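Asks: Quick one, fold the following:
(4 chains)
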Number of protein chains: 2
Amino acid sequence: MASKRKKVNFELFTLGSSSGVAYKNKALKKHIVQFIDNRGSSSITELSKELTTSVPKTTALVTELIAEGLLQDEGKIDSTGGRRASVFGLVSDACFFLGVDVKKYHVNVGLMDFQKRMVTHKDKLPFKMENTADSLKKLIQLIKDFISHSQIERARILGCGINLTGRINQHTGHSFSFYHFKEEPLAEVIQQEIGIPTYLENDSRSMAFGEFYSGEVSSERNVLFVNLDYGIGLGIVVDGKIYYGRSGFSGEFGHIPLFDNEIICHCGKKGCLETEASGWALIRKFKEHIEKGSSSSALKKNKSLNDATLEDIITAAKNEDTLCIELLSEIGEKLGKGLAVLINIFNPELIILGGTLSETGDYIRLPARSVLNKFSLSLVNNDTSLRISRLGERSGVIGACLIARSKVIYNT
Amino acid sequence: MASKRKKVNFELFTLGSSSGVAYKNKALKKHIVQFIDNRGSSSITELSKELTTSVPKTTALVTELIAEGLLQDEGKIDSTGGRRASVFGLVSDACFFLGVDVKKYHVNVGLMDFQKRMVTHKDKLPFKMENTADSLKKLIQLIKDFISHSQIERARILGCGINLTGRINQHTGHSFSFYHFKEEPLAEVIQQEIGIPTYLENDSRSMAFGEFYSGEVSSERNVLFVNLDYGIGLGIVVDGKIYYGRSGFSGEFGHIPLFDNEIICHCGKKGCLETEASGWALIRKFKEHIEKGSSSSALKKNKSLNDATLEDIITAAKNEDTLCIELLSEIGEKLGKGLAVLINIFNPELIILGGTLSETGDYIRLPARSVLNKFSLSLVNNDTSLRISRLGERSGVIGACLIARSKVIYNT
DNA sequence: TCAACTTTGTTAATTTTTTTATTAATTTTT
DNA sequence: AAAAATTAATAAAAAAATTAACAAAGTTGA
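Replies: Model prediction:
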């Protein structure tokens, strides 16, 4: 079906640093696409105001965009007190964006259309993330397979976003924690293989972006996303844009020195937030309690204590297992102290709790909120709402798609 | 002299939300001024590239800007391999910006010209900041006097920036901690009195902005400014812009819960960074040591221990007083732990230590750096340089001027 | 030293865009 | 229910901007 459609002209998205009338028109058309992306279908009059360009000129630009297959006439809106205006919107299947969310034990892949709608979605594809060339090869094959099964012609897929844990320099496309075998940026390597412009991103930042730009029109401009998994990540959105810092290593929230304990963190230091408030800490605490003689439904009969996973504990808590709920509450309290730090510094509109651990919802959120109020200035924390991720497991893929999409549409 | 100059046309800076050719030309001219402000004197060809507008059109715009008194021909630059180009720069005395830095026991006032140069500067004008209507009245009078003594006609002063401690909403112009007597924003009240558009700002943020935009061309885009005084403030510059947060209460760095002590902070909570690493903590520690029998040159013979000020201790340290140097080192170490938190979260290019306490230079900086390295990820802290403020006491006034200036020129 | 080449700036012709006027489609008012 | 008012879209006229051609000013190299 899609292959039968007429060709779409994407020159718009690759405007060089030329000049002249042709260049200006391209820039104006790009502006139109961006405006409609942000504000939804728009009339000629609205566009004309936004571009500060006359109505006849705007009409001409929109006509060209329709001919190029990017825009479509969506009929007339209700009158605002006079002749009804035609509105124009993005053609949903004009182009697509691929998102790949690489987790420790599986991969989620998805495809998003021009209108930000997910069209295909494969959850939990079996994959084991190991820092080997072979693992990378398998990942690339997996992406290729997804593309060919998607039935969408490759030329219409304008970008691919990939999430990895660890330290990523989004700008250069380097991954430092995983698959760092050559000098050449990993993004470049994958791009060569799949034939689609590829953008790497840290998983927490990508999830933050996904949560921020999806769903309802987000009036919030400053949002923090806390990724609660085995470790603790932080995605920072400032004024609607992802914050990277000097070399893209921002958001090492899990390793702020907040406690006076003697537990050695993965990073080699003591007292990190992660030693008390992460999934990793949860499992440690769980084991300690079981060894002291506590019982819990999270202990499966055919599994040894050492093999207990985060999922086991989360499932048990959802089934009202007392020990697990208590431990989650403890984790939430410790986390709350960390969130208080963030609130005092950022005065954000919203903090979203995401990642695997956030599936426990209020078991972790309520203790966190209560401790957070205790440790941050009330004038500041009054402004901040703390909520559980709405996208859940999907925030990663959605974020990856959205990052690729905004790279292409906005060049940011 | 200045009064003899021909009239300058400022319409540019007040472009309404109109449309049409006239409006577009205004916007283009504003863009020219902004570009020259950022990149220095420029040629027609450079401007033409930046605006993506033809050379004849650009020539016409520049000619108009010269006629309006904002731009001037600055002669020809060295050839780049052909005919030499004329360059155009900002007319330094076209307009001015006022900066007022209100401290606890004095006020600094200054005037900056169109080219970011300070033309008049009055340091440490006697003033006591008290939360009374009378104090506010005196402050306004002080500003009025400064203006009339400056010999600059009021119409050429396009903006006034005022720094206050405490919680400020820059956007609405409200001050919540001081002079909050009516519903009407304080900025509005002062503006009515002095007859110049007025912008309020939190002192730490203003100092951050001053430090960021003055001096050398700042290649750093993400900078943190730590204001070490009796309290601890934080100014955050993200991508060259001040970060405010939801309601302008960002940067409450002094009140992050970092220590497990029993000291009650001004904010009512325990364990705040400010209880261990501020000027206020320094004085407390100093008193404790003296009471235990230590001696120090900071103790003036005609002053009781209770009247010891931050300045006394700083001066003593500069004169190599052992106790004071030791205490500063202790303060520096505690501060370092706080800075480690910031570095892990922000991965900034630069952290600047400013405010009164920073006058002690390496006595506080070196211990801070050493502890900071211990508590933050080395991959991240390698990127960050920690330096003492170069502007010192003046960063406040310069920041206030620059904020007023960028409000007018950039409407930000 | 002078021709060939570069870059800047100006003028005139051409193209593009905006304005203004007019027609069309709805709602509001009388 | 018809006229007046309001908003949208189109066509023709007027204005503005770009392009292209050329002159001016400087560099480079034989």
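Asks: quick one: is stretch A:333-353 near chain B?
Replies: Yes - contact between stretch A:333-353 and chain B, assessed by C-beta under 8 Å from any C-beta of the partner chain, occurs at A:337, A:340-342, A:344-349. C-beta here means a position set from N, CA and C on the backbone, and glycine is covered the same way.
Asks: In the stretch 251-400 of chain A, which residue sits closest to DNA strand C?
Replies: As assessed by C-beta to the nearest atom of the strand, DNA strand C sits closest to A:Glu349 within the stretch 251-400 of chain A, at 35.9 Å.
Asks: Now do the same for that residue: its pLDDT.
Replies: What the model reports for A:Glu349 is a pLDDT of 93.
Asks: Please list all residues in contact with the closest residue to A:Ser389 other than its chain neighbours.
Replies: Taking C-beta to C-beta, 6 or more residues apart in numbering or on different chains as the measure, A:Ser389 lies nearest to A:Gly354, with 3.6 Å between them; neighbours along the chain are not counted. A:Gly354 makes contact with A:207, A:211, A:225-228, A:388-389, A:391-392, A:395, according to C-beta atoms under 8 Å, 6 or more residues apart in numbering or on different chains.
Asks: what do you get if the cut-off is 7 Å, keeping everything else the same?
Replies: Contacts for A:Gly354 (C-beta atoms under 7 Å, 6 or more residues apart in numbering or on different chains) come out as A:207, A:211, A:225-228, A:389, A:395.
Asks: Next: A:Asn108.
Replies: When contacts are counted by C-beta under 7 Å, 6+ apart, A:Asn108 touches A:101, A:122-124, A:396-397.
Asks: residues of the helix or strand hosting it that come out buried?
Replies: Counting by DSSP states H and E, the element that carries A:Asn108 is strand A:106-113. Within strand A:106-113, the residues that qualify as buried by neighbour count (16 or more other C-beta atoms under 10 Å in any protein chain shown) are A:107-113.
Asks: who does it pair up with?
Replies: Strands that pair with strand A:106-113, judged by DSSP bridges, come out as strand A:96-102 (antiparallel), strand A:118-126 (antiparallel).
Asks: that older thread, tabulate the residues of stretch A:333-353 next to chain B (TSV), appending neighbour count and secondary structure.
Replies: Conversion of these to TSV gives the following (neighbours: other C-beta atoms under 10 Å in any protein chain shown; DSSP: H, G, I helix; E, B strand; the rest coil):
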residue	neighbour count	secondary structure
A:Lys337	23	helix
A:Ala340	25	helix
A:Val341	27	helix
A:Leu342	23	helix
A:Asn344	27	helix
A:Ile345	26	helix
A:Phe346	27	helix
A:Asn347	26	coil
A:Pro348	26	coil
A:Glu349	19	coil
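Asks: Please identify the one among those residues that lies nearest to B:His174.
Replies: Among those, A:Asn347 lies closest to B:His174 (C-beta to C-beta), at 14.7 Å.
Asks: Now the two most distant members of the contacts of A:Asn108.
Replies: In the contacts of A:Asn108, two members sit farther apart than any others by C-beta to C-beta. They are A:Lys122 and A:Gly396, at 12.8 Å.
Asks: which of the two has more neighbours?
Replies: Relative neighbour count places A:Gly396 above the other of A:Lys122 and A:Gly396, with 30 against 16, counting by other C-beta atoms under 10 Å in any protein chain shown.
Asks: count of neighbours near the residue in the stretch 301-412 of chain A that DNA strand D sits nearest to?
Replies: For the stretch 301-412 of chain A, the residue closest to DNA strand D is A:Asn411, as judged by C-beta to the nearest atom of the strand, at 21.9 Å. By other C-beta under 10 Å, 10 other residues sit near A:Asn411.
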